[in-house]
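# please work out how this folds:
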Amino acid sequence: MSSSKQEIGMISKKNAIWWCAGLVILLLLSVIGARVWRKYREEMAQPRTFFEHPSFPKENFFLTFSLLNPDTVVENIKRRVPLKWHNLACEMAYYNLTARHKGISDTAQFALLDAYDKSFPTPATHIFTNMIRGGLFSKTYQFDTASICLTRAYAGAKAEHDSIRAADVERSIGLLEMYRFNYPIAIHHLLNVYDSYTRLLKYPNTGGRDIEVMLDLGYCYYYNTDYQEAGRWYNKLLKTAHTYYSGYGGIKLLANTAIARNYLALGKLDSANLYIDSAFYYQQLFRSDTALYNQHLFDSNYATEYQYFALGEIQIAEGNCDTARANMEIALANPLQPYLVPLPHLQKGLADSYACLGKNDSAIYYYQQALQSRDSILQIEVYRNLALTFVATQQHEKAVNALMTAYKIQEKVLSANKLKEVGYLTARYDAAQAEQAILFEKRRRNNLLWFRIVSFILLALAFCFVVLWLRQRTNLLRETTEKLAIEQRLKELELTKAKQELKNTTIALQMTVEELDVKNKLLKKLEKRLESSTSIQEYDITSQEIRILTHQDWIDFQYGFENAFPGFLDSVNRRFPNLSNSEVRLILLLKTGFKTSELEAILGISTKSVYTNRYRLRKKLALGEEEDLDEFINKL
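Numbers count the residues shown, from 1 in each chain. Just a heads-up that it's a prediction; the model follows:
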């Protein structure tokens, strides 16, 4: 009973341990699930690629109404698009507008963005509209207004924990710095954007963002005269285009053209010609697909004119001045995007082609037009080329003034670069400090959260162990009490049993003493009568007084017989060694003169058994049929 109680206690203890372990696992799973759910919600809140979002109307949805009227766009989005897709629909409508209507005015774009802010006053919409406004203001050289819009958009994206949108806005900030000719700062922003895109987006859900940033980085390094790094990014762009964007010929056209210009800057004309030929090859493939030519990630006209401008630069370096002038005029007739080739660069290229032909007046005119650029590096190059042109026209004083102006601008550029570098480093230090403070606060909150979670788990474990200890102690006390009661009961039972056994032993001992007393009296009586007479018939003893039923009875009888007939038993054993104990016993009884009926009572067997034993004894003794067994034994 005690062992069963112990087993029950062990089972209860195991169950309690399993319950505690299950509680801890449940708490950990709850914490992990909460963190995963929060991360999932943050990822779902981030916008996906504009034309690849699931469960959203396809692009032909925007072909059913006019995109030039902002009110029509807003009305169709509200009426035909579910509420949760309004922000994405606004973005897709804007990009469809700029793709379908080439050269649309900035006024029409601003009107659509204002309608978005008025009709869809959500944080995501405001972030998008401020980002687009910042880009438009940057292209029109309204840098201060563009900076304000982009700063608002970036702050909103960070507040909404929208990492992809924050990267999009930071790319616009990088382009703004590039338009300002702050190429180191632009490179810093664009590298951050590329790292964000690489970490957050995987092909095919990039929407072309990765190659756009590669192209921007190549331009920044090129105009910052870091041609080795520019070539690395251009080649990376071309490799990515071959791997993931094999169907887009315009990307390969731009990449090959940019690589050709980079090789030209390095003085490698053969490589430049090879890549510009590849660019014209991709131009033919690109124009052969009409649908792809009309709707493409990059504007097809810009890519083509950029190709003619690069070809003109190569031809000027080779001395093909007339052909170079024709290509430069084609490029200048359709001005490129500012981040591809700014207008002053086109004017300088055309002026170089006129100077190559010896048409100095036209060259001077376009050089003076190119001097309107805010790019100090370009101004230095233009003033140097202008000085050479003045020398060719015998205007030496103007040539000296141009060189002096170029020298002064170069001095200012060096000073400004140093100041910018110091300011940039200071800004980076301040930003790093602020970021470090944010990270410290975030870690502190995470540590506090984990401290609370661990404390709660430890308290729960302590509570479970206390409950388990109390239950175990209670069970132990109950089991001890029951065990003591059972032991007391067992001791009482053992005492009662011992008393009963003692009583029975006493009674058995008394009976044994009485039997021994009777046996002793019979033995004494038998000895006396055997000594006084030699004939059994003279014995005054009956068969009821002698019993040979046990081994002890036989020993007692044998002892008395030896006293009466000394040496008889040894003589029988020597003469007849094959006799069994029962046959020897029968010989001794027959020697004492007991009859068959008396043998039955003495041995406790039947008459038939007595005759059977006598018959077997006769055979053992080898008696004849006429010999009497009793007479034979009496003569022994």
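
# Arg261 versus the nearest residue to Val213 once chain neighbours are set aside, what's the distance?
Excluding the flanking residues, the one nearest Val213 by Cβ to Cβ, 6 or more residues apart in numbering is Tyr194, at 4.7 Å. Backbone N, C-alpha and C define where each C-beta goes, glycine included. Using Cβ to Cβ, to the nearest Å, Tyr194 is found at 21 Å from Arg261.

# between those two, which is the more surrounded one?
Neighbour totals were compared for Tyr194 and Arg261, and Arg261 leads with 25 against 22 (other Cβ atoms under 10 Å).

# so the more buried one is in contact with Leu311, correct?
No - with contacts counted by Cβ atoms under 8 Å, Arg261 stays clear of Leu311, the gap being 9.8 Å.

# next secondary structure after the least confident helix or strand in the chain by mean pLDDT?
Using mean pLDDT, DSSP states H and E, helix 290-294 stands out as the lowest-scoring helix or strand of the chain, at a mean of 50. Next along the chain after helix 290-294, taking DSSP states H and E as the criterion, comes helix 300-318.

# now the helix or strand hosting His189: buried residues?
Assigned by DSSP H and E, His189 belongs to helix 183-200. Using 16 or more other Cβ atoms under 10 Å as the burial criterion, the residues of helix 183-200 that qualify are 183, 185-190, 192-194, 196-197, 200.

# same thing with stretch 476-494?
Of the residues in stretch 476-494, none is buried (16+ other Cβ under 10 Å).

# elements contacting the lengthiest helix in the chain?
For the chain, the longest helix by residue count, based on DSSP state H, is helix 396-532. For helix 396-532, the elements it packs on are helix 2-45, helix 183-200, helix 376-392, helix 551-564, judged by 3 or more Cβ pairs under 8 Å, 6 or more residues apart in numbering; DSSP states H and E.

# mind doing that once more with 6 Å?
Judged by 3 or more Cβ pairs under 6 Å, 6 or more residues apart in numbering; DSSP states H and E, the packing partners of helix 396-532 are helix 2-45, helix 376-392, helix 551-564.

# that one vs helix 376-392, what angle?
Compare the direction of helix 396-532 with that of helix 376-392 by axes from the mean of the first three to the mean of the last three Cα atoms, to 10 degrees and you get 150 degrees.

# next, the angle helix 183-200 makes with helix 396-532.
30 degrees.

# quick one: mean pLDDT for helix 396-532?
Taken as a whole, helix 396-532 has an average pLDDT of 78.

# before we move on, what about stretch 179-191?
Mean predicted confidence for stretch 179-191 is 87.

# what lies in contact with that stretch?
For stretch 179-191, contacts defined as Cβ atoms under 6 Å, 6 or more residues apart in numbering pick out 138, 143, 170, 173-174, 177-178, 213, 216-217, 220, 223-224, 375, 424.

# can I get that stretch as PDB, trimmed to CA atoms?
What follows is stretch 179-191, C-alpha atoms only, in PDB (Å, rounded to 0.1, in the frame of the first residue of the first chain):
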ATOM      1  CA  TYR A 179      21.700  68.000 -59.600                       C
ATOM      2  CA  ARG A 180      23.500  70.200 -57.000                       C
ATOM      3  CA  PHE A 181      26.800  68.700 -58.100                       C
ATOM      4  CA  ASN A 182      27.400  67.400 -54.600                       C
ATOM      5  CA  TYR A 183      28.500  64.100 -55.900                       C
ATOM      6  CA  PRO A 184      30.200  62.600 -52.700                       C
ATOM      7  CA  ILE A 185      27.000  63.200 -50.700                       C
ATOM      8  CA  ALA A 186      24.900  61.900 -53.600                       C
ATOM      9  CA  ILE A 187      27.100  58.700 -53.700                       C
ATOM     10  CA  HIS A 188      26.600  58.200 -49.900                       C
ATOM     11  CA  HIS A 189      22.800  58.400 -50.200                       C
ATOM     12  CA  LEU A 190      22.700  56.100 -53.300                       C
ATOM     13  CA  LEU A 191      24.900  53.500 -51.700                       C
END
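
# how distant is it from the center of its chain?
Between the centre of stretch 179-191 and the centre of its chain there are 38 Å (Cα atoms, centre = their mean, to the nearest Å).

# for Leu461, see how far away Val467 is.
In this structure, Val467 and Leu461 are 11 Å apart, going by Cβ to Cβ.

# now do Gln488
Distance from Gln488 to Leu461, counting by Cβ to Cβ: 40 Å.

# pretty sure Ala89 sits against Glu75.
No - the criterion here is Cβ atoms under 6 Å, and Ala89 misses it with Glu75 at 11.9 Å.
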